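**Student:** With the sequence up front, the predicted model follows.
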Amino acid sequence: MKRSSLGHTHSRSQYTSQTCGRCGHVDKKNRESQAVFVCRKCSYTANADVIAARNILKRGLDTLAVTSETLWGADGTPVEQGRKTNGDAACESLALS
């Protein structure tokens with residue numbers, strides 16, 4: 001049986017339970033209790049653990065988006081430093097030759 005690896009990414013978890021998922025405001029006072037999150041800026045209310053989990057997920061996805069945009073073209077081929085592909089590596093390689 002062949003296994004495939006999905007990989008992983010690390011994201012900083014600091015302030016994730018104090019950061020509003022709606023407006024991005026960070027404040028220690030956003031945590032009314034261990035379980036309750038209420039944003040002091042926009043009044044968004046949710047479970048603090050859910051807010052933290054969503055913020056960690058968002059940071060991870062943001063990291064992947066930057067990595068994939070910076071390192072890989074639309075067709076999955078590596079991008080040369082300083083330029084991006086238009087997604088058609090075959091045409092680009094012909095144009096470069």
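**Tutor:** Good, I have the coordinates. Numbering: from 1, shown residues only.

**Student:** OK, contacts around the residue lying closest to residue 26 once chain neighbours are set aside?
**Tutor:** Nearest non-adjacent residue to residue 26, counting by C-beta to C-beta, 6 or more residues apart in numbering: residue 19, 4.8 Å away. Every residue, glycine included, has its C-beta placed from N, CA and C. The neighbourhood of residue 19, defined by C-beta atoms under 8 Å, 6 or more residues apart in numbering, consists of 25, 26, 30, 51, 55.

**Student:** got a winner among these for most neighbours?
**Tutor:** residue 51 (24 neighbours; other C-beta atoms under 10 Å).

**Student:** any chance you could read off phi and psi for that one?
**Tutor:** Main-chain torsions, residue 51, degrees, to the nearest 10: phi -60, psi -50.

**Student:** same check, this time on residue 37
**Tutor:** phi -110, psi 130.
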